[in-house]
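>>> no FASTA, just this:
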């Protein structure tokens with residue numbers, strides 16, 4: 001899906017993550033791609049719905065091993081416990097009623113910030129037309145000291161929010177999108193359109209900040 005390809009743009013900021021945490025397994029596309037392509041990364045996927053986990057073989061989700069595990073549990077509680085820090089946190093946890101309140105509270109986003117390593121990145125998938133969309137983004141801005149920007153996907157149904165701990169956004173220089181070293185050319189090619197949209201949104205954030213400083 002377009003939005004999952006956009007979420008993979010965390011590689012622009014953390015090209016070789018050691019530890020990745022995902023909240024929500026779904027069909028497993030993000031988990032499978034990261035497991036296959038990021039061979040030095042440890043990946044934990046937290047999924048609250050046992051029926052989703054039961055379908056992991058049907059979705060060809062890899063078996064658990066020394067660097068990959070699907071954990072049955074509440075993503076908000078997992079983040080709050082903060083048992084192990086991560087470089088990248090991907091939040092894509094929806095149920096039959098949409099985005100659960102426990103995965104969009106101020107406390108949750110505060111806990112996400114605390115879970116990340118210095119210079120870590122959180123990427124969250126939100127429905128663009130959710131009535132409280134702006135409230136959720138404002139909560140992330142408070143938790144991440146305004147180091148946040150939003151990228152709409154080409155299908156205009158999802159918005160991907162990038163939030164940085166530390167100076168991760170400032171380390172990425174403006175310019176053409178380059179293939180992350182951790183991906184081969186074939187794996188990177190379908191991601192580059194999403195990466196370009198992320199770079200465009202980041203450049204717009206930089207322009208706004210410059211204007212605000214000059215005002």
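Perfect, thanks for sending it. What you are looking at is a predicted structure, and each value in this text was computed from that prediction instead of being measured.

>>> drop to CA atoms for contacts and neighbour counts, all remaining ones
OK.

>>> what bits of the protein have low per-residue confidence?
By pLDDT under 70, the low-scoring segments of the chain are 153-156, 175-176, 215.

>>> which helix of this structure spans the most residues?
Counting by DSSP state H, the longest helix found in the chain is helix 192-214.

>>> all helices of the chain, in order?
Under DSSP H, the chain gives helices at 2-7, 29-37, 50-54, 75-81, 106-115, 133-143, 168-171, 185-188, 192-214.

>>> roughly how far out does the third one sit from the chain middle?
In other words, helix 50-54. Remark: helix 50-54 is offset 22 Å from the chain centroid, using Cα atoms, centre = their mean, to the nearest Å.

>>> Name the surrounding residues that touch that helix.
25, 26, 47, 70, 72 (Cα atoms under 8 Å, 6 or more residues apart in numbering).

>>> Buried only: go through these for me.
The neighbour count (16 or more other Cα atoms under 10 Å) marks 25, 26, 47, 70 as buried among those.

>>> tell me, what residue is most central in this structure?
residue 123 (2.4 Å; Cα atoms, centre = their mean).

>>> In contact with that residue, which residues?
7, 10, 88, 89, 90, 91, 160, 161, 162, 163.

>>> That one bridge partners, please.
residue 90, residue 162 (DSSP bridges).

>>> ok, it to residue 190 distance?
19 Å (Cα to Cα, to the nearest Å).

>>> Then residue 183?
Distance from residue 183 to residue 190, by Cα to Cα: 11 Å.

>>> Neighbour count: those two, which is higher?
A direct count of neighbours by other Cα atoms under 10 Å for residue 183 and residue 190 places residue 183 higher, at 16 against 12.

>>> Next up, phi/psi of the closest residue in space to residue 100 that isn't next to it in sequence, please.
Ranked by Cα to Cα, 6 or more residues apart in numbering and with sequence neighbours excluded, the top spatial neighbour of residue 100 is residue 94, at 6.5 Å. The phi and psi values for residue 94, taken as degrees, to the nearest 10, are phi -120, psi 150.

>>> still on that earlier bit, which of the contacts of residue 123 sits closest to residue 61?
residue 90 (16.9 Å; Cα to Cα).

>>> Buried residues in stretch 126-140, which are they?
Under 16+ other Cα under 10 Å, the buried positions of stretch 126-140 are 126, 127, 128, 136, 137, 139, 140.

>>> what sits up against that stretch?
Taking Cα under 8 Å, 6+ apart as the rule, stretch 126-140 contacts 92, 99, 104-106, 109-110, 146, 148, 152, 156-161, 163.
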